[in-house]
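> kindly return the folded structure for what I paste below:
(one chain, ligands or ions: 1)
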Amino acid sequence: LAFAGSAFPQQAPAAPDWCRSKFGPNDEIGAANLLTPELALAATRLVRTGKTYALGGETNAKTPAFAPRTWSLTVLQPGQAGGGSLGSTKTNYNDDIYTGWVGTGTQIDGLGHIGVDNVYYNCLRNSDFVQASGLTKLGIEKVPPFVTRGVVLDMAAFFGVEMMREGQAFNRAEIEEQAKRQGIEIRRGDVVLFHTGWQKIAASDPARFVKAEPGLGRDGAQWLASKQVIAVGADTWALEVIPFEQGAGVFEVHQILIPRNGIYILENIQTEQLVKDRAWEFMFVLGHSRITGGVQAIINPVAIR
Ligand code: UVW
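Got it, this is the predicted structure:
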């Protein structure tokens with residue numbers, strides 16, 4: 001029975017149950033609601049030596065990225081930006097412009113990144129918030145700084161290799177076992193990072209790097225969501241195992257974490273040094289650029305221990 005053109009008002013389809021946020025109908029920041037001063041304070045107590053780790057890699061035109069993402073930087077030549085030597089002290093300056101996809105290199109995926117049949121976090125539909133000039137809801141600028149406990153799980157060690165292979169998945173059983181071996185537990189409010197060794201080929205074999213990857217499977221993502229973590233990241237470009245697990249949807253781990261649970265994804269995280277130092281838990285600090293209406297942000301989170 002079609003009501004189009006009749007006196008009955010057209011209604012948007014009812015929101016599915018899965019998309020309602022436990023943080024309320026107007027919530028836009030998901031798991032970041034769990035961040036508290038207590039968590040930040042507890043994280044400071046993990047600092048023992050003061051050693052800092054830059055978890056962001058360099059971003060440039062050669063950084064392998066999911067097609068068709070590209071990136072370029074232009075430094076304005078003297079005179080283009082603001083003229084020659086200015087004033088009595090002859091001040092010079094350079095400026096730069098980058099043109100590129102924000103989803104390149106080390107990045108955070110905001111809650112506006114991924115949907116399920118056009119339904120996004122907290123039941124927002126594309127037409128509710130996606131505009132060419134920027135997201136009107138779920139923008140990256142709304143995400144507060146992450147200052148909390150971070151943990152890294154060496155999944156390459158779990159499989160007894162330096163670098164896992166494409167299509168090799170880890171799920172709840174493997175994550176729990178590796179956490180046990182490292183003597184750590186995953187807690188509410190944590191940022192959880194996985195080391196697979198995949199960054200080893202980012203520069204030497206970028207075509208292989210972006211074609212597929214080892215990573216998190218669906219059951220692992222569901223389990224992490226049940227632990228109420230804030231963000232999940234890895235040293236791969238998409239966090240999740242590719243080719244996707246048998247029977248899994250396209251980027252279904254993204255769907256489980258972002259729209260279904262409001263959990264952020266961190267990609268291309270440089271975990272190598274943390275693993276070398278066996279720095280399994282640390283203070284995790286992330287303050288990203290707050291571009292209004294942005295979907296993602298290029299980041300350099302810092303681990304301190
Ligand atoms: C997609 O999910 C399409 O990209 P990314 O892995 O960068 O989040």
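
> so is stretch 57-75 next to the ligand?
Yes: Stretch 57-75 is in contact with the ligand by Cβ under 6 Å from any ligand atom, via Phe66. Every residue, glycine included, has its C-beta placed from N, CA and C.

> can you classify Leu193 as helix, strand or coil?
strand (DSSP: H, G, I helix; E, B strand; the rest coil).

> Gly233 versus that one, what's the distance?
Separation of Leu193 from Gly233 (Cβ to Cβ, to the nearest Å): 5 Å.

> same check on Ile108?
8 Å.

> who's more crowded, those two?
More crowded of Ile108 and Gly233, by other Cβ atoms under 10 Å: Gly233, with 29 against 25.

> the more buried one reaches Ile263, doesn't it?
No: counting by Cβ atoms under 8 Å, Ile263 is not a contact partner of Gly233; they are 10.6 Å apart.

> just to revisit the earlier point, now do the shared contacts for Ile108 and Gly233.
Listed as contacting both Ile108 and Gly233 by Cβ atoms under 8 Å, 6 or more residues apart in numbering are 265-266.

> residue contacts, the closest residue in space to Lys142 that isn't next to it in sequence?
Of all residues not flanking Lys142 in the chain, Glu28 sits nearest, at 5.3 Å (Cβ to Cβ, 6 or more residues apart in numbering). Neighbour list for Glu28: 111, 121-122, 137-139, 142 [criterion: Cβ under 8 Å, 6+ apart].

> nearest to Ile242, of the residues you listed?
Closest approach between the contacts of Glu28 and Ile242, by Cβ to Cβ: Leu111, at 21.8 Å.

> which bits of this protein sit near the ligand?
So the chain meets the ligand at 66, 103, 109, 113, 237-238, 251, 254, 267 (Cβ under 6 Å from any ligand atom).

> ramachandran coordinates for Val232?
phi -130, psi 130 (degrees, to the nearest 10).

> what of the one 5 residues further on?
Comment: the main-chain dihedrals of Trp237 come out as phi -80, psi -10, following degrees, to the nearest 10.

> can you check Ala156 too?
Dihedral angles of Ala156 (phi, psi; degrees, to the nearest 10) stand at phi -60, psi -40.

> now it: closest residue in space that isn't a chain neighbour?
Here the residue nearest Ala156, using Cβ to Cβ, 6+ apart, is Gly197, at 4.2 Å.

> residues touching that neighbour, list them.
Contacts of Gly197 by Cβ under 8 Å, 6+ apart are 156, 161-164, 235.

> run a quick neighbour tally on the residue of the chain found nearest the ligand.
Nearest residue of the chain to the ligand: Ala238, at 3.3 Å (Cβ to the nearest ligand atom). Using other Cβ under 10 Å, Ala238 has 21 other residues around it.

> three-state assignment of it?
Per three-state DSSP, Ala238 ends up coil.

> that one contacts Phe251, correct?
Yes: between Ala238 and Phe251 there is a contact under Cβ under 8 Å: 7.3 Å.

> this protein - how does it break down into domains?
Listed domain ranges for the chain are 19-59+102-304, 66-100 (source: automatic domain parsing).

> looking at the ones you listed, which is buried most?
domain 19-59+102-304 (a mean of 19; mean count of other Cβ atoms under 10 Å).

> distance between the ends of it?
One end of domain 19-59+102-304 to the other measures 35 Å (Cα to Cα, to the nearest Å).

> list the helices and strands the top strand by length along the chain packs on?
Longest strand of the chain, by residue count under DSSP state E: strand 146-154. Identification of packing neighbours for strand 146-154 by 3 or more Cβ pairs under 8 Å, 6 or more residues apart in numbering; DSSP states H and E yields helix 37-44, helix 172-182, strand 191-195, helix 272-276, strand 281-286.
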